[in-house]
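Novice: Provided below are the primary sequence and the corresponding predicted coordinates.
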Number of protein chains: 2
Amino acid sequence: MTLPRAKPNQPRIAPCAAMDCRACEFRSLTFCAGLPEREIAELSAIVTRLRIEPQQVIIQEGDPADHVFNVTSGVVKLYKLLLDGRRQITGFLLPGDFLGLSSRVGYAYSAEAVTDVSLCRFPRQRLEEAFDRFPHLRRRLFDIANDELVAAQDQMLLLGRKTALEKIASFLLQLSEREQRRGAGLGSLDLPMTRGDIADYLGLTIETVSRTLSQLKGQALIKQKSLSEIELTNIDALQEITES
Amino acid sequence: MTLPRAKPNQPRIAPCAAMDCRACEFRSLTFCAGLPEREIAELSAIVTRLRIEPQQVIIQEGDPADHVFNVTSGVVKLYKLLLDGRRQITGFLLPGDFLGLSSRVGYAYSAEAVTDVSLCRFPRQRLEEAFDRFPHLRRRLFDIANDELVAAQDQMLLLGRKTALEKIASFLLQLSEREQRRGAGLGSLDLPMTRGDIADYLGLTIETVSRTLSQLKGQALIKQKSLSEIELTNIDALQEITES
DNA sequence: CGCACCCTTGATCCTGCTCAAAGAAAGTGG
DNA sequence: CCACTTTCTTTGAGCAGGATCAAGGGTGCG
């Protein structure tokens, strides 16, 4: 298990003048698509753009949940800790994903930048007011929250009942599909997180992650271009391992 | 959706003339509290009351998600299966809990009655229409979905990083707290589910569940009145085991 | 170049799983 | 009501998947 070793929070970059929805990768895909100009303006008025460095803590479990974030570039990890330092990463956020949606009083998890990250930050209070004026916006967020719930249930199945090999195969396929949905090439995969992050996401140790990746390499199901670049050379075989 | 197929479907009790919110345990607590008469009438018009027997299947993963249910009495288990039969129970529903909320096209999990169960069934389409007329109802459901998401994240931490002893202790305390919140006595606990269900909920085997309960009994942290009745005789010690 | 950090690989250990058997409940039919 | 069956639970013995401990190798950075 790995101990948290986040750097202290760094100064945040000032808000940009207006939120351009077309420039905001996620929102054009999932949230902003088809929104009338008036509502976009409403949201523009309350957004703050942030840039975050790797290892920087974005929110901490228990902090008052004053903001909702949307990732516009980079990768964020969400995690929960036990008192003795054991860590469970509950998800990786890619561009387009929301952060802090599910929180009501305090954030239910901590979030830390894996890579350089750009965020849109919304004050929760103002966002709620916007939703009250445009209820169908809340509907969109509701759907997104439900998708998160479905993903969480899949992850429970993985954590509780899959073997190390199945976990790794599922993880590689899941990341590949998410990147593809965002326009990446089939089979080529970037793993910006450390082996320790992967271990804490899958409920394994660093050593088991490393060994299992080596095993897949040995069976020629994956090829490793560099530490973080992986190519899935036999997707069918990976899917057969997953067999869910 | 499906009708239960483990046992033949029983005649359904006709929808009650008007849905009496005070008679509907959950809704008085979480959902219906403070709703104006008009909205209650709206919901009354579309609800169907059902009675389900133990082991009867309520919904199956993948079925079209045509209905939303609310448990009014009894216990329901939600689960996902792997092809070879491995099972992960993702949650137990107590009176007041919703079923099928997070589903959009198809149900993301199967649900089966653990005990005799009473349900309120809402056609999703009609429910959505009601939400469009009364947007603050959707807001309430959004909050409920978010609570589910928070619970799912806690469960991921449990599945990925806790020991068998910690899992069992967490489970007992969690159930005890939920029953207390619904008015049960402190420390006295009913486990209507089988050891197999508990195992599949905690990512363990039946034998490990049984052994761990015996261990807690040996340390006098719990007392077993019958197979399903357990008394938590040392809650502090249990909480110390959990230590999260 | 040297240090720090991360990753890989090997050896050994241990928690929880598997296999097995017997006891306790609960249903079933006479 | 009781004999019989089925299902669930408990407990024991042995095993194994993944964890832990340890050492060495890459890689990036000052």
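Specialist: Sure thing, it's come through.

Novice: next, count neighbours for the closest residue to residue A:63 other than its chain neighbours.
Specialist: Nearest non-adjacent residue to residue A:63, counting by C-beta to C-beta, 6 or more residues apart in numbering or on different chains: residue A:107, 5.3 Å away. Just so you know, the C-beta spots here come from the backbone N, C-alpha and C atoms, and that holds for glycine as well. Residue A:107 has 23 neighbours, counted by other C-beta atoms under 10 Å in any protein chain shown.

Novice: report the contact partners of residue A:107.
Specialist: For residue A:107, the contact set (C-beta atoms under 8 Å, 6 or more residues apart in numbering or on different chains) comprises A:59, A:60, A:61, A:62, A:63, A:65, A:100.

Novice: ok, now which ones touch the first one?
Specialist: Under the criterion of C-beta under 8 Å, 6+ apart, the contact list for residue A:59 reads A:65, A:67, A:69, A:99, A:100, A:107, A:109, A:110, A:111.

Novice: let's see that with 6 Å instead.
Specialist: A:107, A:111 (C-beta atoms under 6 Å, 6 or more residues apart in numbering or on different chains).

Novice: check the fourth one too.
Specialist: With contact set as C-beta under 6 Å, 6+ apart, residue A:62 has these partners: residue A:106.

Novice: any idea which helix or strand carries it?
Specialist: For residue A:62, there is no host helix or strand (DSSP states H and E).

Novice: got the residues of chain A near DNA strand D?
Specialist: For chain A, the contact set with DNA strand D under C-beta under 7 Å from any atom of the strand comprises A:1, A:163, A:164, A:165, A:203, A:204, A:205, A:207, A:208, A:226, A:227.

Novice: identify the spatial nearest neighbour of the last one, chain neighbours not counted.
Specialist: Right, the one you point to is residue A:227. residue A:191 (7.9 Å).

Novice: helix or strand with the lowest mean pLDDT in chain A?
Specialist: helix A:25-26 (a mean of 41; mean pLDDT, DSSP states H and E).

Novice: helix or strand next in line after it, which one?
Specialist: As assigned by DSSP H and E, the chain's next helix or strand after helix A:25-26 is helix A:37-44.

Novice: quick one: the residue positioned nearest the centre of chain A from chain B, how far?
Specialist: Central residue of chain A (C-alpha atoms, centre = their mean): residue A:93, 1.1 Å from the mean position. Separation of residue A:93 from chain B (C-beta to the nearest C-beta, to the nearest Å): 14 Å.

Novice: name the residues of the longest helix belonging to chain A that are buried.
Specialist: Longest helix in chain A by number of residues (criterion: DSSP state H): helix A:135-161. Buried residues in helix A:135-161, counted by 16 or more other C-beta atoms under 10 Å in any protein chain shown: A:137-142, A:144-146, A:148-161.

Novice: how far does it sit from its chain's centre?
Specialist: Here helix A:135-161 is found 13 Å from its chain centre; the criterion is C-alpha atoms, centre = their mean, to the nearest Å.

Novice: do the next helix or strand after it and chain B meet at all?
Specialist: On the C-terminal side of helix A:135-161, the nearest following helix or strand under DSSP H and E is helix A:164-181. No. Against chain B, helix A:164-181 shows no contacts by C-beta under 6 Å from any C-beta of the partner chain, the least distance being 8.6 Å.

Novice: list the helices and strands helix A:164-181 packs on?
Specialist: Judged by 3 or more C-beta pairs under 6 Å, 6 or more residues apart in numbering or on different chains; DSSP states H and E, helix A:164-181 is in contact with helix A:206-218, helix A:235-242.

Novice: wait, which of the ones you listed is closest to residue B:42?
Specialist: Nearest to residue B:42 among those is helix A:235-242; the distance by C-beta to C-beta comes to 44.2 Å.

Novice: what does that closest one contact?
Specialist: A:165, A:166, A:169, A:170, A:173, A:221.

Novice: helix A:164-181 and that one, what's the angle between them?
Specialist: Counting by axes from the mean of the first three to the mean of the last three C-alpha atoms, to 10 degrees, helix A:235-242 lies at 130 degrees to helix A:164-181.

Novice: and the average pLDDT for helix A:235-242 is what?
Specialist: Mean pLDDT, computed over helix A:235-242, is 96.

Novice: equivalent analysis for stretch A:111-123, please.
Specialist: With pLDDT averaged residue by residue, stretch A:111-123 scores 95.

Novice: follow-up on the earlier one: only whichever of the contacts of helix A:235-242 are buried, select them in ChimeraX.
Specialist: With 16+ other C-beta under 10 Å as the burial test, the buried ones among the contacts of helix A:235-242 are selected in ChimeraX as follows:
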select /A:166,169,170,173,221
